[in-house]
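Chemist: Below: sequence and its predicted model.
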Amino acid sequence: MSTINTNTNNTGVAASALTSLTSTSSADSATSTDKKGSLGKDDFLQLLVTQLNNQNPLSPQDNSEFVAQLAQFSSVESLQNLNTSVNGIASNYQSSQALQASSLVGRSVIAQTGSSMVDTSKSFNGTLIMPAAGTNVSVSVYDTAGSLVKTIDLGSAQAGKSDFIWDGTDDKGNKLNAGVYSFKATAAIDETKQALTTYLPATVNSVTLGQDGGEMQLNLAGLGSVTLSQVQMIGQ
């Protein structure tokens with residue numbers, strides 16, 4: 001009977017010690033847990049060691065349970081190492097993005113847009129996209145007031161890219177002032193008039209880096225912003 005009483009007392013003491021030390025360990029790591037929002041590998045290991053030190057010596061922890069806890073500790077450490085690696089990759093990506101952005105400022109690009117800053121003293125080249133073969137292909141040019149100043153007739157076109165040129169004059173042949181002009185391309189496809197996507201030249205004034213993994217924004221002279229994915233070609 002004395003042995004049974006001793007086991008009971010030891011078990012109670014061990015459980016009490018485990019509770020006390022676990023509480024102390026939790027209190028010691030409370031600050032780091034609150035900061036990180038979850039237990040880290042050091043906190044996990046400290047709790048595991050506390051549990052082992054205060055187990056019932058007459059009924060020690062089963063080997064399979066011990067191995068399972070070690071496996072859990074290994075998983076926690078691996079996840080933390082993976083998180084560190086991912087953060088490092090993200091930091092390197094941001095640095096690479098900043099370097100790429102600096103090289104684009106001042107360069108000419110061909111971007112998916114409907115407007116462009118035009119120097120009317122020379123020919124202006126643009127591109128439209130035909131989703132299918134069509135007829136009555138035309139490009140209408142509008143000034144900043146929204147007035148139609150020129151209609152460029154291209155006739156028929158096959159599916160794919162089709163280039164157009166504007167000489168900077170209105171429908172009467174008068175040379176217009178340099179500035180921002182809008183271009184609206186249309187075509188009759190399957191006897192239905194459809195709006196077409198246009199790619200126009202522009203100059204990059206500045207670049208806005210993407211936040212939280214967002215895409216880089218190119219700020220074009222006099223036109224506003226477009227995403228990098230909208231750029232078809234980057235020139236000198």
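Modeler: Noted; the coordinates are in hand.
Chemist: Tell me what the closest residue to S115 other than its chain neighbours is bridged to.
Modeler: By the measure of Cβ to Cβ, 6 or more residues apart in numbering, the closest residue to S115 outside its immediate chain neighbours is S182, 4.7 Å from it. C-beta here means a position set from N, CA and C on the backbone, and glycine is covered the same way. As for beta bridges, S182 partners with S115, Y142 under DSSP bridges.
Chemist: Just the local confidence number for S182, please.
Modeler: With respect to pLDDT, S182 scores 95.
Chemist: what about it, neighbour count?
Modeler: Other residues within reach of S182 by the criterion other Cβ atoms under 10 Å amount to 18.
Chemist: From V139, how far out is it?
Modeler: Going from S182 to V139 by Cβ to Cβ, to the nearest Å gives 10 Å.
Chemist: next one: V149
Modeler: V149 sits at a distance of 12 Å from V139 (criterion: Cβ to Cβ).
Chemist: the more surrounded of those two?
Modeler: Under the neighbour definition other Cβ under 10 Å, V149 and V139 were set side by side, and V139 has more, 22 against 19.
Chemist: Leaving out sequence neighbours, find the closest residue to the more buried one.
Modeler: What sits nearest to V139 in space, not counting adjacent residues and going by Cβ to Cβ, 6+ apart, is I152, at 4.3 Å.
Chemist: Flag every buried residue along stretch 201-214.
Modeler: When neighbours are counted by 16 or more other Cβ atoms under 10 Å, the buried residues of stretch 201-214 are found to be P201, A202, T203, V204, V207, G210.
Chemist: before we move on, the earlier item: for the residue nearest to V139, phi and psi?
Modeler: Per-residue torsions, I152: phi -100, psi 110 (degrees, to the nearest 10).
Chemist: And the strands in this structure, which stretches?
Modeler: Secondary structure of the chain, counting by DSSP state E: strands at 108-112, 115-118, 124-130, 134-142, 148-157, 160-166, 179-189, 192-208, 217-220, 224-227, 231-234.
Chemist: Show me what the fourth one is packed up against.
Modeler: Which is strand 134-142. With contacts defined as 3 or more Cβ pairs under 8 Å, 6 or more residues apart in numbering; DSSP states H and E, the packing partners of strand 134-142 are strand 124-130, strand 148-157, strand 160-166, strand 179-189, strand 192-208.
Chemist: cool, the first one as well?
Modeler: Applying 3+ Cβ pairs under 8 Å, 6+ apart, one finds that strand 108-112 makes contact with strand 192-208, strand 217-220, strand 231-234.
Chemist: neighbouring contacts of stretch 200-207?
Modeler: Contact with stretch 200-207 is made by 101-102, 104-111, 113-117, 124-127, 183, 216-221, 223, 235, as judged by Cβ atoms under 8 Å, 6 or more residues apart in numbering.
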